[in-house]
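Participant: model the structure of this input:
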Amino acid sequence: MSGRADIPPGADPGGRISSAQRGALVASLRRLAPPTQPARQRARPAAAPYERCDLCGQRIPDEHRHLLHLTDRRIICTCEPCWSLRSGDPDLRPAGTRSVWLEGFDLPEEVWAGFQIPIGLAFFFHSSAADAIIALYPSPAGATESELPLEAWERLRAANPVLDGLSPDAEALLVNRMARPAEHAIVPIDRCYALVGLIKSTWEGISGGDAVKNAVEGFFGELRAGAGRP
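Facilitator: The predicted model follows:
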């Protein structure tokens, strides 16, 4: 078909055409038009994802409780009924609830060196499953585990009796030697894993970049503001 509408036979070049001819002309014009596209509905913003209980699948609010799987060392998001019913399971334990900012915490350089942790950020807890003190430090791939020499931990505990009250599995000593001065706190174990996830999600390049630095500073600033004192 050419780029113009064909004039139906018998049409008056001056412009007067019959109704039938007008209908044929309109049909010819319509054949030139691009196919009519169905009207698109206005795009709706994607619904924000929401949390579900890892045990029963029930939807749960953003602020919810956690259980720690002792063998797998993973955090389980739970609804209130599952938290109440499963907290006594032998392989599960509720995360701690207290955050304590430790002013004047004594961690000398030689003690820290004995832990053989390659970065200045780590958390320490007593694992019931391993019956040992475990250190975890964040990386772009997640948490890296290191089993501590008992002697080094005993030296740290002797210098800081507050660690005697550390609840196994549920609480951890969190150490930030990236800050000046260094920062120390006892926190629920799920807060430590939240920090690991934060670092993993903000890591850029080889060294982590400013995004990680800012994220860690923000995390500890919020922790310090809301923590109690021993």
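Participant: ok, which stretches of this structure are helices?
Facilitator: For the chain, applying DSSP state H gives helices covering 19-32, 80-86, 109-115, 150-159, 189-202, 209-226.
Participant: tell me the mean pLDDT for the last one?
Facilitator: In other words, helix 209-226. Helix 209-226 carries an average pLDDT of 91.
Participant: okay, buried residues for that helix please.
Facilitator: For helix 209-226, a neighbour-count test (16 or more other CB atoms under 10 Å) marks 212, 215-216, 219-220, 223 as buried. For glycine as for every other residue, the C-beta is placed from the backbone atoms N, C-alpha and C.
Participant: how long is stretch 102-116 from one end to the other?
Facilitator: 22 Å (CA to CA, to the nearest Å).
Participant: residue closest to the middle of this structure?
Facilitator: Taking CA atoms, centre = their mean, the centroid of the chain lies closest to Gly197, which sits 5.0 Å from it.
Participant: roughly how far apart are it and Ala143?
Facilitator: Going from Gly197 to Ala143 by CB to CB, to the nearest Å gives 9 Å.
Participant: lowest confidence element among the helices and strands of this structure?
Facilitator: helix 19-32 (a mean of 52; mean pLDDT, DSSP states H and E).
Participant: what sits against the nearest residue to Arg65 once chain neighbours are set aside?
Facilitator: Once flanking residues are discounted, Arg65 sits nearest to Trp83: 4.6 Å by CB to CB, 6 or more residues apart in numbering. Trp83 sits next to 65, 67, 94 when contact means CB atoms under 8 Å, 6 or more residues apart in numbering.
Participant: ok, the second one - how many residues close by?
Facilitator: In terms of burial, Leu67 registers 24 neighbours under the definition other CB atoms under 10 Å.
Participant: can you give me the distance of it to Ile119?
Facilitator: From Leu67 to Ile119 the distance is 28 Å (CB to CB).
Participant: kindly report the same for Arg74.
Facilitator: 22 Å.
Participant: got it, and Leu195?
Facilitator: Counting by CB to CB - Leu195 and Ile119 are separated by 13 Å.
Participant: common neighbours of the two, please.
Facilitator: With CB under 8 Å, 6+ apart as the test, Leu195 and Ile119 both reach Pro138.
Participant: what about those two, which has more around it?
Facilitator: Counted by other CB under 10 Å, Leu195 and Ile119 do not tie: Leu195 has more neighbours, with 22 against 12.
Participant: residues in contact with that one?
Facilitator: Contacts of Leu195 (CB under 8 Å, 6+ apart): 123, 138, 174, 216, 219.
Participant: Ile60: which of those is nearest?
Facilitator: The nearest member of the contacts of Leu195 to Ile60, counting by CB to CB, is Phe219 at 22.8 Å.
Participant: beta partners of Thr78?
Facilitator: With DSSP bridges as the criterion, Thr78 is bridged to Arg65.
Participant: what's around it, how many residues?
Facilitator: For Thr78, using other CB under 10 Å, the count is 26.
Participant: residue contacts, the closest residue to Gln58 other than its chain neighbours?
Facilitator: The shortest distance from Gln58 to any non-neighbouring residue, by CB to CB, 6+ apart, is to Cys79 (4.7 Å). Neighbouring residues of Cys79 by CB under 8 Å, 6+ apart: 53, 55-56, 58, 60, 64.
Participant: could you redo the last one with a cut-off of 10 Å?
Facilitator: 51-61, 64-65, 85 (CB atoms under 10 Å, 6 or more residues apart in numbering).
Participant: can you pull the pLDDT of it?
Facilitator: So Cys79 comes in at 95 (pLDDT).
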